[in-house]
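Student: Generate coordinates for the sequence data below:
(one chain, ligands or ions: 2)
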Amino acid sequence: MADAPHSGTPGTPDAYDLIVIGGGPGGYVAAIRAAQLGKRVACVERDKLGGVCLNWGCIPTKALLAGAEMKSKLEHDGAAFGITAENLKVDWEKVIGRSRGVAGNLNKGVGFLFKKNKVTHVQGHATIPASGRVDVFADAEAKGRGDEPQKTLEAEKILICTGAQPRELPGTPFDGKRVLAAKDAMVLPACPKKMLIVGSGAIGMEFAYFYNAFGAEVTVVEMLDRVMPVEDAEVSAAAKKAFEKQGIRILLEHKTDAIEVTDSGIKATLSPVDAEADAPHPAKKSYAAEGPEQSKSDVSGASGGGEQIEADCVLVAIGVRGRYDGLFDESLGIETFKDHIKVDYRKEKPTYQTSVEGIYAAGDVIGPPWLAHVASEEAIVAVERMFGHEAADIDYEAIPGCTYCHPQVASIGYTTQRADEEKIAYEVGTFPFQASGKAQAMGETTGFVKLLTGKKHGEILGAHMIGEGVTELLAEMSLAIKMEATAEEVIGTIHAHPTMSEAVHEAALGTAGRMIHS
Ligand SMILES: Cc1cc2nc3c(=O)[nH]c(=O)nc-3n(C[C@H](O)[C@H](O)[C@H](O)COP(=O)(O)OP(=O)(O)OC[C@H]3O[C@@H](n4cnc5c(N)ncnc54)[C@H](O)[C@@H]3O)c2cc1C
Ligand SMILES: NC(=O)c1ccc[n+]([C@@H]2O[C@H](COP(=O)([O-])OP(=O)(O)OC[C@H]3O[C@@H](n4cnc5c(N)ncnc54)[C@H](O)[C@@H]3O)[C@@H](O)[C@H]2O)c1
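Tutor: Ligands and ions are numbered 1, 2, ... in the order given. As a prediction, this is how the structure comes out:
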């Protein structure tokens, strides 16, 4: 525990204005913001501060991917630059170790931020026995063992930020060795020779790129009809082409029926998905729609006659569900909905309050979009509103999303498919990196920037990008949408030459039929 200046006398509960449960990007940001507002705050975390994001998600994967990019660049692109690295060697332990080191530095950083902001960090597993009270146990099993809580905390307000956990394939539990969740895939003792990946979402494609780059033979099986199905269809198609060129095998409209764990690995049957039992297309997904959508893994309908595949291991990346097992008793009355805690976040001016007064929830535990920046923003809005401050609503229609494989994928707002479905009249401008001087100079000509603008007023409706560094280019379009900027305003903004960002400028020109360089 860091400092506990607000402890009461021994035997009496420690009193706070706010108790935050979970120290991930939802929880730790909420705790700091509340402390900035002058509140007495405790944050209970049973593991390391930083949550999945810093310890087992966003950050360590990006550290791994940076290594994969370095290797690929030297191996495949170096010769064109006149640089050949002979006998390129990989020290796998260091590849993994560097990623763990980066995560370690950052989680310690959150501890420093807590001290700086006078947030009390309570180490342990939290449960909510009653409104206004949190019991802290040594670990998640302690209560089941009949142990007494190590500590009891009291506050008028409790914020649940306990995150999400990976979904399992029915009948195929994670075992950490052969049947892997993302966390396991981040610390494998050696690079597998053959790997099956189920699901081509963000986790599936980031790991497919990573393991393929380090020499594994990777097969990705996706039940829908394109990879990264939440992206614009043109981006999905370009991504598939680029991944296949790298040697990744992709099997669309297939699912795994059963996975057998053998002494040497796994055996899976991959069968075509029955079209009639197909899921609603995720491209139709609107984050502002009521509640989380049906889990894509719920969809069944294999029509049999599938292919058998053997591999050293399988990474199951078919989505997540809220993590709140054992956090509270049903009798407390906290309502859940489709594996997530129900809050009012789909309405105007949401408070993020659960069905129980004084108990709030934010981040992955309340449903999609399951992203760190969303968790943090929800947490800030929840805290500001619960303490009577003004806060702008989160626009769930304009959440930026990035996938950090190579080529990178980045998007915000309307896809072409959704605009068509909603009968929104739009213009499209697409600028290929092939036509960009900077992309040519860098040898990174794969991909494009595609913008959608309203036909009548030219407002930016959506931006869809694939290629080198597009995850950094996206911020301009996030701001443009927030400011309700039009294509003309992007066109009138001078973009430095030569930069990849000129592709955004050109795509905006394209929506007005005035593209110069393509
Ligand atoms: C492999 C991977 C890569 C990802 N990459 C990205 C990315 O690049 N960009 C992005 O935006 N998102 C990414 N995500 C998603 C991102 O990690 C999550 O959206 C984010 O971590 C959610 O934050 P959170 O605070 O809601 O939950 P979490 O980060 O999951 O934090 C919840 C915390 O609560 C703690 N906790 C749970 N129950 C209790 C309890 N009862 N008592 C005490 N503590 C408890 C947990 O130990 C955990 O530390 C990735 C996820 C994965 C798995
Ligand atoms: N770069 C990032 O921002 C990043 C990186 C990793 C994870 N994340 C977050 O973590 C969450 C979880 O990631 P994820 O990749 O597990 O989920 P996801 O929802 O992004 O993708 C799951 C994919 O699996 C497919 N699928 C589901 N069941 C299947 C089955 N039985 N057989 C074959 N395919 C199946 C779905 O159609 C979907 O394409 C994501 O929602 C994302 O928000 C974000």
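Student: what does the chain have sitting close to ligand 2?
Tutor: For the chain, the residues found near ligand 2 under the criterion Cβ under 6 Å from any ligand atom are 198-204, 206, 221-224, 229, 255-256, 296-297, 317-320, 369-371, 402-404. From N, CA and C alone the C-beta is placed, and that goes for glycine too.
Student: These in helices, which ones?
Tutor: Secondary structure assignment by DSSP state H places 202, 203, 204, 206 of the residues of the chain next to ligand 2 in helices.
Student: Check the gap between the third one and residue 466 for me.
Tutor: In this case it means residue 204. When distance is defined by Cβ to Cβ, to the nearest Å, residue 204 is 16 Å away from residue 466.
Student: Tell me which helix or strand comes right after the top strand by length along the chain.
Tutor: Counting residues, the longest strand found in the chain (DSSP state E) is strand 151-160. Scanning forward in sequence from strand 151-160 by DSSP states H and E, the next helix or strand is strand 164-166.
Student: what comes into contact with the following helix or strand past that following strand?
Tutor: Secondary structure here is assigned by DSSP H and E; on that basis, the next helix or strand after strand 164-166 toward the C-terminus is strand 179-180. With contact meaning Cβ atoms under 8 Å, 6 or more residues apart in numbering, strand 179-180 is reached by 169, 172, 173, 174, 188, 259, 261, 266, 313, 314, 315, 316.
Student: pLDDT weak spots in the protein?
Tutor: Scanning the chain for pLDDT under 70 picks out 1-11, 275-305.
Student: In terms of residue numbering, what are the domains of it?
Tutor: Using the TED database, the domain parsing of the chain gives 16-54+97-165+321-387, 168-273+305-318, 407-512.
Student: quick one: terminal-to-terminal distance for the first one?
Tutor: The separation between the terminal residues of domain 16-54+97-165+321-387, taken as Cα to Cα, to the nearest Å, is 13 Å.
Student: Please determine whether it lies in contact with ligand 1.
Tutor: Yes. Counting by Cβ under 6 Å from any ligand atom, contacts between domain 16-54+97-165+321-387 and ligand 1 involve 21-27, 44-47, 51-53, 125-126, 161-163, 323, 327, 363-365, 370-373, 375.
Student: So which of those are in strands?
Tutor: Among the residues of domain 16-54+97-165+321-387 next to ligand 1, the subset assigned to strands under DSSP E consists of 21, 44, 45, 125, 126.
Student: Can you tell me which of those residues is nearest residue 216?
Tutor: Sorting these by distance to residue 216 puts residue 45 at the head of the list, at 33.8 Å, by Cβ to Cβ.
Student: All the helices of the stretch 201-350 of the chain, in order from the start?
Tutor: Taking DSSP state H, counting those that start in this stretch to define them, one finds helices in the stretch 201-350 of the chain at 202-213, 233-246.
Student: so which strand or helix has residue 473?
Tutor: Using DSSP H and E, the secondary-structure element containing residue 473 is helix 470-482.
Student: for the following helix or strand past that helix, packing partners?
Tutor: Following the chain from helix 470-482 toward its C-terminal end, the next helix or strand by DSSP H and E is helix 487-491. In this structure, helix 487-491 packs against strand 448-454, helix 470-482, helix 502-511, with contacts taken as 3 or more Cβ pairs under 8 Å, 6 or more residues apart in numbering; DSSP states H and E.
Student: and the second one with helix 233-246, angle?
Tutor: To tie it back to what came earlier, the one meant is helix 470-482. Between helix 470-482 and helix 233-246, the angle formed by their directions is 180 degrees, by axes from the mean of the first three to the mean of the last three Cα atoms, to 10 degrees.
Student: Figure out how far helix 470-482 is from the centre of its chain.
Tutor: Centroid separation for helix 470-482 versus its chain: 17 Å, with Cα atoms, centre = their mean, to the nearest Å.
Student: So which residue is dead centre in the chain?
Tutor: The geometric centre of the chain, computed from its C-alpha atoms, lies nearest to residue 371 (Cα atoms, centre = their mean), at 4.0 Å.
Student: Let me see the ranges of the helices in the stretch 1-150 of the chain.
Tutor: Secondary structure of the stretch 1-150 of the chain (DSSP H, counting those that start in this stretch): helices at 27-36, 51-56, 58-72, 92-117.
Student: What residue in the stretch 351-500 of the chain comes nearest to ligand 2?
Tutor: Taking Cβ to the nearest ligand atom as the measure, the stretch 351-500 of the chain has residue 370 as its residue closest to ligand 2, at 3.8 Å.
Student: Leaving aside the residues adjacent along the chain, what's closest to that residue?
Tutor: What sits nearest to residue 370 in space, not counting adjacent residues and going by Cβ to Cβ, 6 or more residues apart in numbering, is residue 364, at 4.8 Å.
Student: contacting residues for the one you found?
Tutor: Residue 364 sits next to 24, 26, 52, 163, 164, 320, 322, 323, 370, 375 when contact means Cβ under 8 Å, 6+ apart.
Student: how about residue 27, what does it touch?
Tutor: For residue 27, the contacting residues are 20, 21, 43, 45, 51, 159, 161, 162, 363, 379, by Cβ under 8 Å, 6+ apart.
Student: shouldn't residue 517 be in contact with residue 507?
Tutor: No. Applying Cβ atoms under 8 Å as the test, residue 517 and residue 507 come out as separate, 10.9 Å apart.
Student: which residues do the two both contact?
Tutor: Between them, residue 517 and residue 507 share these contacting residues under Cβ under 8 Å, 6+ apart: residue 431.
Student: Tell me which of these two has more neighbours.
Tutor: More neighbours surround residue 507 than the other of residue 517 and residue 507, with 28 against 13 (other Cβ atoms under 10 Å).
Student: Isn't that one up against residue 431?
Tutor: Yes. Applying Cβ under 8 Å as the test, residue 507 and residue 431 come out as touching, 4.4 Å apart.
Student: okay, and the common contacts of those two?
Tutor: In contact with both residue 507 and residue 431: 448, 449, 450, 515, using Cβ under 8 Å, 6+ apart.
Student: Considering those residues, which is situated nearest to ligand 1?
Tutor: For the shared contacts of residue 507 and residue 431, the residue nearest ligand 1 by Cβ to the nearest ligand atom is residue 449; the value is 20.3 Å.
Student: is the closest one in a bridge, and if so with what?
Tutor: The residues paired with residue 449 through beta bridges, assigned by DSSP bridges, are residue 431, residue 465.
Student: Same question for stretch 357-376: list its buried residues.
Tutor: Applying a neighbour-count criterion of 16 or more other Cβ atoms under 10 Å, the buried positions in stretch 357-376 are 359-376.
Student: Against residue 413, how distant is the closest residue to ligand 1 within the stretch 401-518 of the chain?
Tutor: Nearest residue of the stretch 401-518 of the chain to ligand 1, counting by Cβ to the nearest ligand atom: residue 404, 6.1 Å away. Per Cβ to Cβ, residue 404 is found 20 Å from residue 413.
Student: Now do the same contact list for the closest residue to residue 365 other than its chain neighbours.
Tutor: In space, residue 365 comes closest to residue 322 once its chain neighbours are excluded; the distance is 4.4 Å by Cβ to Cβ, 6+ apart. Taking Cβ under 8 Å, 6+ apart as the definition of contact, the neighbours of residue 322 are 162, 163, 164, 336, 339, 340, 341, 364, 365, 366, 367.
Student: So what touches stretch 139-158?
Tutor: When contacts are taken as Cβ under 8 Å, 6+ apart, the neighbours of stretch 139-158 outside the stretch itself are 13-21, 42, 44, 46, 122, 124-125, 127-128, 131-138, 326, 358-360, 386.
Student: Please read the previous query as pertaining to stretch 379-399.
Tutor: Residues lying outside stretch 379-399 but in contact with it, judged by Cβ under 8 Å, 6+ apart, are 17-18, 25-27, 29-30, 33-34, 37, 39, 157, 159, 161, 286-288, 345-346, 348-353, 360, 362-363, 369, 371, 373-374, 377-378, 412-413, 478, 481-482.
Student: Name the member of the shared contacts of residue 507 and residue 431 with the most neighbours.
Tutor: Ranking those using other Cβ under 10 Å puts residue 449 first, with 30 neighbours.
Student: Where does this structure get nearest to ligand 2, which residue?
Tutor: residue 201 (2.0 Å).
Student: Which one of residue 404 and residue 413 is surrounded by more residues?
Tutor: When residue 404 and residue 413 are compared for neighbours, residue 413 comes out ahead with 23 against 20, by other Cβ under 10 Å.
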